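J.: here is my input; please provide its structure:
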Amino acid sequence: MQPNDLVYRKAAEMLNIPEELVKKVYTEYWKEIRRLVTKDKIVEDMSEEEFNSVKRNVTIQGLGKLSCTYQQYLRKIHNIKSRTKYYEDQKDNSAS
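T.: Predicted structure coming up:
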């Protein structure tokens, strides 16, 4: 049994609703948050002003605001480029 299962069970008991419904609502809630956060595509070479104009923030009651700073954005772009280069190198090496 996973820790989440206990949370679902306890919430279901407190709200007097089925455990599967609690799990489904919880999962859909986080899918919607992910959809909102990833709605705007990450564009390479975006200036800080452009980034701030499309920046998405999501406030979750009990957790606070989820947001991304320009520095985090730059790190993400760097990681994407590094992974892409790594996989291209792997593909070239395996083709040889």
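J.: and the longest helix for the chain?
T.: helix 70-95 (DSSP state H).
J.: on contacts alone, who are the packing partners of that one?
T.: Using 3 or more CB pairs under 8 Å, 6 or more residues apart in numbering; DSSP states H and E, the elements in contact with helix 70-95 are helix 48-54. Where C-beta positions appear, they are placed from N, C-alpha and C, glycine not excepted.
J.: pLDDT score for residue 36?
T.: We have a pLDDT of 77 for residue 36.
J.: oh, I was asking about residue 75
T.: The score at residue 75 is 87. That number is its pLDDT.
J.: residues near it, how many?
T.: 12 (other CB atoms under 10 Å).
J.: what about it, distance to residue 69?
T.: Distance of residue 75 to residue 69, given as CB to CB, to the nearest Å: 9 Å.
J.: same question, residue 87
T.: From residue 87 to residue 69 the distance is 27 Å (CB to CB).
J.: kindly report the same for residue 19.
T.: Using CB to CB, residue 19 is found at 38 Å from residue 69.
J.: kindly report the same for residue 81.
T.: For residue 81, the distance to residue 69 - CB to CB - is 19 Å.
J.: got the phi/psi numbers for residue 65?
T.: phi -90, psi 130 (degrees, to the nearest 10).
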